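>>> turn this into a structure:
(one chain, ligands or ions: 2)
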Amino acid sequence: MGGVIQAHTVEQVRAAEAELMARVPAGTLMQRAAYGLAYAVVDFLAGAYGRRVVLLVGSGDNGGDALYAGAVLARRGAYVEAWLLSDSAHKGGVAALRGAGGRVRRTEPTGRRAPTDGSTGSNPRFDVVVDGIVGIGGRPGLREEAAAALDRLAGVPLVAVDTPSGVDVDTGETPEPHAVADVTVTFGTHKVAHLVDPAAGAAGVVQLVDIGLDLPPADVEALQAEDVAALLPRPHPDAQKYTRGVVGVRAGSATYPGAGLLSVSGAACGLAGMVRYVGDQDVHDLVHEQHPEVVGAGRVQAWVVGSGSADGAEGTLREALADDVPLVVDADALAYVDLAHGRPVVLTPHAGELATMLGCERVEVEDRPLHHARTAAERYDAVVLLKGRRSLVAAPDGRVRVNRTGTPWLATAGAGDVLGGVIGALLAGGLTPYDAASAGAWLHGAAATLAAQDGPIVAGDVARALPAVAGTLHTSPPG
Ligand SMILES: NC(=O)C1=CN([C@@H]2O[C@H](COP(=O)(O)OP(=O)(O)OC[C@H]3O[C@@H](n4cnc5c(N)ncnc54)[C@H](O)[C@@H]3O)[C@@H](O)[C@H]2O)[C@@H](O)CC1
Ligand SMILES: [K+]
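Ligands and ions are numbered 1, 2, ... in the order given. This is a model prediction of the structure:
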């Protein structure tokens with residue numbers, strides 16, 4: 001697929017690096033990385049001359065990248081000071097920085113303060129910290145010296161080399177202290193920690209420097225607009241409403257009528273040929289007021305079940321399962337998800353609901369979202385969309401798509417109901433559960449961002465913005 005962002009594991013990166021290193025002169029990859037890093041820092045600082053740069057340097061090649069980049073910056077007129085956080089540091093890098101006029105200092109032993117200008121609080125001395133403490137060779141967490149140096153430099157913008165030091169690169173978990181970057185400059189490919197929260201939240205803006213690696217397909221990826229555009233169903237020139245797919249909604253109840261209405265609003269985004277609503281008569285009337293095109297019971301190609309279904313969730317799910325079609329199972333119906341075993345299903349829990357499904361605490365899901373989304377997808381043999389800042393769509397075979405669209409304004413009541421509806425429309429349009437969930441999450445986040453341009457939003461605004469977002473993806477019929 002066109003622009004899809006792939007995130008590889010450390011093992012995959014190491015293998016690709018070894019293969020490439022065998023074919024190019026020694027040091028080539030590090031030079032490519034260092035130049036890419038140096039120019040990203042120049043870009044970040046809008047220049048090099050006269051800028052003050054501090055490098056935090058660990059014992060490995062991540063520190064080597066920082067030192068060589070520091071040499072480039074020093075040659076371009078920056079004041080560059082390296083703080084070596086360990087007894088050993090990349091020798092060639094240290095020599096290069098010294099040769100370019102940079103300063104190299106060993107930090108005080110563990111527990112003592114890092115070298116400073118004597119000032120306290122923020123560090124007006126430096127314009128940027130380059131975090132070369134650890135990269136893909138690091139264990140999660142920071143040694144005391146590294147943590148102390150970061151504390152000392154708190155408030156200074158930080159550019160991370162390859163990854164923010166201290167995060168778990170392959171899982172995106174952040175169990176220990178770690179660096180928090182404004183920009184992360186990574187090499188060869190994205191790593192899982194750049195896409196998956198909570199680590200992604202510590203990576204800032206991620207810039208990729210191509211160093212020529214040849215990589216296999218990744219298990220973790222993020223769709224871009226062009227990928228979503230390629231997935232969306234388009235009406236065939238001789239389409240009629242039934243061939244475009246009919247999505248049915250069984251959601252809402254006398255207690256929660258709005259959930260039914262919002263699920264329908266998402267389903268009525270225009271990407272399916274028809275929307276049916278089956279449920280409480282009062283909800284039906286409410287739906288009709290706002291969506292006169294919605295019809296009642298009949299054949300569907302996909303069901304959306306569970307939002308606001310309250311006590312009726314189990315019965316509603318059983319009724320939907322009587323039709324042999326794909327389903328979106330949300331909210332109250334998630335408690336009965338075993339009934340849907342073996343069916344093509346998208347489950348759409350938030351962290352609390354997933355915790356209940358897996359018999360663990362919500363905080364465990366929030367700390368390890370990738371692990372728990374994958375576990376649930378395997379256990380329930382279903383596509384699991386774990387909702388969050390970076391929603392994850394996990395397939396039973398271990399593949400995961402991370403959604404990067406959206407806005408904090410999307411944290412609003414009923415937004416999840418709209419999401420279920422959109423995914424249902426895409427299922428009815430013939431997408432696989434994995435594609436429907438990931439494209440639906442992308443559209444939903446993008447619609448929220450569009451709607452929030454004019455100020456705070458409610459869930460209905462997200463639904464209303466969906467057709468415009470689909471329009472930006474050129475979903476007009478062919479011909
Ligand atoms: N291998 C390659 O071909 C390339 C590697 N590059 C750079 O090299 C990095 C990987 O280098 P390395 O394999 O040397 O590993 P790192 O530099 O990431 O870290 C390993 C070193 O850090 C120490 N360490 C591990 N965990 C730590 C912790 N929590 N706190 C403090 N120290 C810790 C280890 O003792 C080890 O010496 C990449 O992230 C990238 O920045 C780039 O130069 C591009 C090419
Ligand atoms: K780093």
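>>> residues of stretch 435-453 that come out buried?
Within stretch 435-453, the residues that count as buried by 16 or more other C-beta atoms under 10 Å are 435-452. Backbone N, C-alpha and C define where each C-beta goes, glycine included.
>>> could you give the average pLDDT over that stretch?
pLDDT averaged over stretch 435-453 equals 97, rounded to a whole number.
>>> which positions in the stretch 101-250 of the chain make contact with ligand 1?
Proximity of the stretch 101-250 of the chain to ligand 1 (C-beta under 6 Å from any ligand atom) is limited to residues 134-139, 141-143, 146, 161-162, 187, 211.
>>> which residue does the stretch 201-350 of the chain have closest to ligand 1?
Per C-beta to the nearest ligand atom, Ile211 is where the stretch 201-350 of the chain lies closest to ligand 1, at 5.8 Å.
>>> kindly apply the preceding question to the stretch 301-450 of the chain instead.
For the stretch 301-450 of the chain, the nearest residue to ligand 1 under the criterion C-beta to the nearest ligand atom is Asp367, separated by 18.1 Å.
>>> check the gap between that residue and Cys360 for me.
Look at Asp367 and Cys360: by C-beta to C-beta, to the nearest Å, they are 10 Å apart.
>>> where does the chain have low pLDDT?
For the chain, applying pLDDT under 70 flags the ranges 1-2, 108-124, 475-479.
>>> circling back: mind listing what the residue of the stretch 301-450 of the chain closest to ligand 1 touches?
The contact partners of Asp367, by C-beta atoms under 8 Å, 6 or more residues apart in numbering, come to Glu173, Pro175, Pro198.
>>> ok, so of these, who is nearest ligand 1?
Sorting the contacts of Asp367 by how near they are to ligand 1, with C-beta to the nearest ligand atom, puts Pro175 at the top with 11.2 Å.
>>> could you turn the buried ones of the residues of the stretch 101-250 of the chain next to ligand 1 into a PyMOL selection?
Here is the PyMOL command that selects only those of those that count as buried (16+ other C-beta under 10 Å):
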select buried, resi 134+135+136+138+141+142+143+146+161+162+187+211
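>>> of all the residues in stretch 179-189, which ones are buried?
For stretch 179-189, the buried set under the neighbour-count rule, 16+ other C-beta under 10 Å, comprises Ala179, Val180, Ala181, Val183, Thr184, Val185, Thr186, Phe187, Gly188, Thr189.
>>> from those residues, pick the one nearest Leu262.
Taking C-beta to C-beta as the measure, Leu262 sits nearest to Val180 out of the buried residues of stretch 179-189, at 35.5 Å.
>>> would you say Glu221 is within a strand?
Yes. Going by DSSP: H, G, I helix; E, B strand; the rest coil, the assignment for Glu221 places it inside a strand.
>>> can I assume Val264 sits in a strand?
No. Val264 is assigned helix when assessed by three-state DSSP, not a strand.
>>> for the residue in the chain sticking out farthest from the centre, give its distance to Arg75.
Most distant residue from the mean C-alpha position of the chain: Gly99, 41.0 Å away (C-alpha atoms, centre = their mean). With distances taken as C-beta to C-beta, Gly99 is found 9 Å from Arg75.
>>> most widely separated two among the buried residues of stretch 179-189?
Val180 and Gly188 (23.1 Å).
>>> hmm, the residue of the stretch 201-350 of the chain closest to ligand 1 is touching Ala34, no?
No. Using C-beta atoms under 8 Å as the test, Ile211 is too far from Ala34 to be in contact (10.2 Å).
>>> that older thread, find the nearest non-adjacent residue to the residue of the stretch 201-350 of the chain closest to ligand 1, please.
Distances taken as C-beta to C-beta, 6 or more residues apart in numbering place Arg32 nearest to Ile211, at 4.3 Å, with adjacent residues excluded.
>>> how many residues are close by the one you found?
Neighbour count for Arg32, taken as other C-beta atoms under 10 Å: 18.
>>> circling back to that earlier point, so which of the residues of the stretch 101-250 of the chain next to ligand 1 belong to helices?
Secondary structure defined by DSSP state H assigns Ala146 of those to helices.
>>> per the record, what domains does the protein have?
What automatic domain parsing lists as the domains of the chain is 5-221, 225-472.
>>> with distance to ligand 2 as extra columns, can I get those in CSV?
Compiled in CSV, these are given as follows (distance: least, C-beta to the ion, whole Å):
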stretch, distance to ligand 2
domain 5-221, 4
domain 225-472, 20
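>>> mind listing what the residue nearest to Tyr79 when sequence neighbours are not counted touches?
The shortest distance from Tyr79 to any residue other than its chain neighbours is 4.7 Å, reached at Arg52 (C-beta to C-beta, 6+ apart). Applying C-beta under 8 Å, 6+ apart to Arg52 gives the contacts Ala78, Tyr79, Glu81, Arg125, Phe126, Asp127, Val128.
>>> residues in contact with the first one?
This points to Ala78. By C-beta under 8 Å, 6+ apart, Ala78 lies in contact with Ala48, Tyr49, Gly50, Arg51, Arg52, Val53.
>>> go again with 6 Å.
In this structure, Ala78 makes contact with Ala48, Arg51, Val53, judged by C-beta atoms under 6 Å, 6 or more residues apart in numbering.
>>> among those, which are located in helices?
For those, secondary structure assignment (DSSP H) places none in helices.
>>> now the helices for the stretch 151-300 of the chain?
Listed in chain order, the helices of the stretch 151-300 of the chain (DSSP state H, counting those that start in this stretch) span residues 192-195, 200-203, 225-231, 257-267, 281-290.
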